[in-house]
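In: Sharing a sequence plus its predicted fold:
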Amino acid sequence: MKLFGKKFKWADFAWLYISAVVFCLVLMLRAGGGLQRAELLFYDRFMRREWVPSPSNKGEFLPTRYDDRIVVCGMTDEDLVKYGHPIDDIRLSELLEKLTLAEAAVIGVDLYRDLKEPRSGEGYPRLASTLEKNDRIICIERVGKIKSPPALADKPERVAPNNMPRDYAVDDVFRRAYLFLEDGVPEPRPSLALTLAMEYLSAHNVEVEMVEAPGVPPLLKLGGVVFPRITPDAGCYANLNVRDYETLVDYRRPVGFPTLSFADILENPPLAEELRGKIVLVATTMDSVKDANKSPVNDNHRGVFQHAAIIHQLLESGLAGVRPVGWWPEWGEVLWTALASLIGGGLGVFCASPWRLAPLMTVGVSGLAAVWCSLMAASVWTPVVAPGLGFILSAAFVTSFVAYAQKASLGVMKSIFSRHVSEKVVDALWEDRESFMQGGQLRAQRLTATVFFTDLKGFSTTSEKMNPATLLEWMNEYMSAMAPQVELHGGFVNKYIGDSIMAVFGVPIARTTEEDIAQDAVNAVECAMGMREALKRKNEEWERRGLPTTFMRVGINTGDLVSGSFGSRDRLEFTVLGDTVNTGARLEGAGKEIRAEDCDPECTILVSETTFERLGNRYQTRYIGPMKLKGKGESITVYSVLPNV
């Protein structure tokens, strides 16, 4: 958790901005309908998850149980050969009379009978009589297209519209059903499925009523269940053209319905045992007559079975209290998408690497899908593509941003340190980069460290005796011999100033204990001693080659200072500032004033009292005493470190 917090601190609020931009883009895409088809595909997939794929017909799914309260009496291809299509008025009268004698609770005739069959009308008086005297028969009309049977012209309560809405603007799939048709009619008309279901429920003492709801027209209530009214933006719809009282067809339960043919009814005595007290739907079911539509569970779903599915849903709600599929209000769906986008962005900050992101993103998407499935199982249709897209894009973009920012910060850090400290130190700095970096620069920090200055004695005189090329080569050999001693003893070469070297021990990683601070002082003196030996070897080599030899001075001081990056953003350098640094530089210059018997003339090493106190008894030293350093108001106590005997 600490790592998570540090990463968020490092990334500041950029991840929030990226997540917010992604969220807004996803929201715009969703509002424009760009995600509607994908959302509906997920919806369909969930609806048929318990259905069994048909082994013979691709795109068809088979039920696993049957609702015997609803029976489909369908004209098959065999019936077509026997009775012709459309079936004539006399045979239809016989069919309806036998269903009535079988004591069906209610009969829905899903056949258009606005015209006489045959057109001569010789059998129509019998059909008209059958329809008029039997109140349990409900016929259909297609509002705006096909009228009801003439015999029921003065009995509108016995006629119901069989219109079915489909998603024309998306994929032409039937997912919705009318409860009441309201557009283009004088007063709301209950659909065929609702009319039949209300007859059945009323016979079973289930209360059917319209209840008031805030901000919307009255809603249908069956028993204790209220059916929500689909709106243009309900669920994952975007700008849906809806003008009537519609509900979502609930296909989550793979239910089928018993089927009888016309011949089963016409050529047998009334089937009272099979039909008593049941809802019977009379329709065509043969393949040779088109009456099929695409639904989530069948690419060739006959209309009568869709009506049966809606009736089943209404009965389940009225008798068993099963809730219809609902949805969150618009603000809830927006918050759901925003939350997923923010979680994705947070995951991107935490991962900071595509390799770490991939498995965690898989877990995140799986979790999102699990939550969505749980909500769908609880009859709440929520978006899944919009939050999923927000989650994935936020995670990907934030991870890319963090990786880019880290690469830039690593470049800054390496440009500052890589030439002066070991790769191991650079790696340690990078692991704890939140403590060192801020806004693309090194964070300023106050710490206790040891500064180290060197200079050559009589360099001006020596340089005058050599041509520029020889001088430059001579200096490079000198620096190449001295600088490695700093790294060897855990120091940091801060800069080269002409013939001088400035190094620091105890940076950039701050020491937190007095023991570590003392060790830095020891390392600085060890470095000076190493340089003394290296210079002796170099002088011997130069003497053999006929080149000038030289001597050096070293000043070492320990104390508080401030470290950080200095310069423009395009060219940053690590540096240390403070009185400790100034004193160390002046201490090196004070070596000019030390008597030869008090030091090693070839390499004079002077340390301040704050450094001396941390050396213990490791070295042979000589007390020089208080010295007035150039530019300092007060004297400081100085010691000389002599060669080991």
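Out: Perfect, I can see it now.
In: drop to CA atoms for contacts and neighbour counts, all remaining ones
Out: Noted.
In: Okay, buried residues for stretch 596-611 please.
Out: Neighbour counts using 16 or more other C-alpha atoms under 10 Å place 598-611 of stretch 596-611 among the buried residues.
In: any idea which of those is closest to N539?
Out: Nearest to N539 among these: E602, at 9.9 Å, using C-alpha to C-alpha.
In: Not counting its neighbours along the chain, what's nearest the closest one?
Out: Distances taken as C-alpha to C-alpha, 6 or more residues apart in numbering place F551 nearest to E602, at 4.6 Å, with adjacent residues excluded.
In: Thought K592 was touching the one you found, still the case?
Out: No: in this structure, F551 is not within contact of K592 by C-alpha atoms under 8 Å, at 11.4 Å.
In: quick one, domains of the protein?
Out: 2-27+333-412, 39-325, 422-641 (automatic domain parsing).
In: Just tell me which of those domains ends up closest to G33.
Out: domain 39-325 (5.2 Å).
In: Tell me how far the closest one lies from the chain's centre.
Out: 42 Å (C-alpha atoms, centre = their mean, to the nearest Å).
In: just stretch 324-338 next, same as before
Out: Stretch 324-338 has its C-alpha centroid displaced from the chain centroid by 17 Å (C-alpha atoms, centre = their mean).
In: hey, what's S295 bridged with?
Out: N298 (DSSP bridges).
In: which residues touch it?
Out: V173, F174, R175, H301 (C-alpha atoms under 8 Å, 6 or more residues apart in numbering).
In: who touches the last one in this structure?
Out: By C-alpha under 8 Å, 6+ apart, the contact list for H301 reads A292, N293, K294, S295.
In: among those residues, who's most crowded?
Out: Using other C-alpha atoms under 10 Å as the neighbour criterion, S295 leads the contacts of H301 with 23 neighbours.
In: Where is pLDDT lowest across the contacts of S295?
Out: Across the contacts of S295, the smallest pLDDT goes to H301, namely 91.
In: Doesn't it belong to a strand?
Out: Yes: counting by DSSP: H, G, I helix; E, B strand; the rest coil, one finds H301 located in a strand.
In: Okay, now the unreliable bits of the chain?
Out: 1-12, 406-442, 566-572, 645 (pLDDT under 70).
In: Geometric centre of it: which residue is closest?
Out: With distances taken as C-alpha atoms, centre = their mean, F391 lies nearest the centre of the chain, 1.5 Å away.
In: who's in contact with that one?
Out: With C-alpha under 8 Å, 6+ apart, F391 has these contacts: A340, S341, L342, I343, G344, G345, V365.
In: number of nearby residues for the spatially closest residue to the third one that is not a sequence neighbour?
Out: The spatial neighbour of L342 that comes closest, neighbours along the chain excluded (C-alpha to C-alpha, 6+ apart), is S19 at 5.7 Å. Residue neighbour count, defined by other C-alpha under 10 Å, stands at 28 for S19.
In: Surely S19 is in contact with A340?
Out: No: with contacts counted by C-alpha under 8 Å, S19 stays clear of A340, the gap being 9.4 Å.
In: which residues are in contact with both of these two?
Out: Each of G390 lies in contact with both S19 and A340 under the rule C-alpha under 8 Å, 6+ apart.
In: for this protein, longest strand please?
Out: strand 551-568 (DSSP state E).
In: Given whatever helix or strand comes next after that strand, what are its sheet partners and their directions?
Out: Moving toward the C-terminus from strand 551-568, the next helix or strand (DSSP states H and E) is strand 571-577. As defined by DSSP bridges, the strand partners of strand 571-577 come to strand 551-568 (antiparallel).
In: where does T64 fall, phi/psi-wise?
Out: Backbone torsions for T64, taken as degrees, to the nearest 10, come to phi -110, psi -10.
In: higher neighbour count, F551 and K592?
Out: F551 (18 against 13).
In: which residues touch the more buried one?
Out: L456, K457, G458, L535, P601, E602, C603.
In: 7 Å instead?
Out: Shown in contact with F551 (C-alpha atoms under 7 Å, 6 or more residues apart in numbering): L456, K457, E602, C603.
In: how close does it get to K58?
Out: 94 Å (C-alpha to C-alpha, to the nearest Å).
In: What about E464, how many residues nearby?
Out: For E464, using other C-alpha under 10 Å, the count is 10.
In: so what's it up against?
Out: With contact set as C-alpha under 7 Å, 6+ apart, E464 has no partners.
In: list the buried ones in the longest strand of the chain?
Out: 551-565.
In: ditto for stretch 115-122
Out: K116, E117.
In: Touching stretch 104-122 from outside, list them.
Out: The contact list for stretch 104-122 (C-alpha under 7 Å, 6+ apart) reads 88-89, 124, 136-141, 147-150, 196, 199-200, 275-283.
In: hmm, back to that, name the secondary structure element that contains the residue nearest to the centre of the chain.
Out: helix 385-417.
In: tell me the SS of the nearest residue to V451 once chain neighbours are set aside?
Out: Nearest in space to V451, with sequence neighbours left out and distances taken as C-alpha to C-alpha, 6+ apart, is V504 at 4.6 Å. Secondary structure for V504, judged by three-state DSSP, is strand.
In: V504: neighbour count?
Out: So V504, with other C-alpha under 10 Å, has 27 neighbours.
In: separation between it and V225?
Out: 79 Å.
In: my read is D250 is in a helix, agree?
Out: No: counting by three-state DSSP, D250 is located in no helix; its state is coil.
In: show me the contacts for it.
Out: Taking C-alpha under 7 Å, 6+ apart as the test, what D250 contacts is Q313, P324, V325.
In: Name the nearest residue to Y124, sequence neighbours excluded.
Out: D89 (5.6 Å).
In: hang on, isn't that neighbour packed against G123?
Out: Yes: look at D89 against G123 with C-alpha atoms under 7 Å: they come within range, at 5.4 Å.
In: When those two are compared, which one has more neighbours?
Out: Using other C-alpha under 10 Å as the criterion, D89 and G123 rank with D89 on top: 23 against 18.
In: which of the contacts of S295 sit farthest apart?
Out: R175 and H301 (11.5 Å).
In: And the helices in the stretch 401-550 of the chain?
Out: 423-431, 433-436, 459-464, 468-488, 514-545 (DSSP state H, counting those that start in this stretch).
In: other SSEs contacting the fourth one?
Out: Okay, so that is helix 468-488. helix 514-545 (3 or more C-alpha pairs under 7 Å, 6 or more residues apart in numbering; DSSP states H and E).
In: So for the helix it packs on, what gets flagged as buried?
Out: Here helix 514-545 shows 517-533, 535-536, 538-539, 542 as buried, counting by 16+ other C-alpha under 10 Å.
In: Stretch 580-599 now?
Out: By 16+ other C-alpha under 10 Å, the buried positions in stretch 580-599 come out as 580-581, 583-591, 598-599.
In: again, but for stretch 462-476
Out: Counting neighbours by 16+ other C-alpha under 10 Å, the buried set in stretch 462-476 is S463, L471, W474.
In: any chance of those in JSON lines, plus distance to N268?
Out: Shown next, in JSON lines, are those (distance: C-alpha to C-alpha, whole Å):
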{"residue": "S463", "distance to N268": "127"}
{"residue": "L471", "distance to N268": "122"}
{"residue": "W474", "distance to N268": "121"}
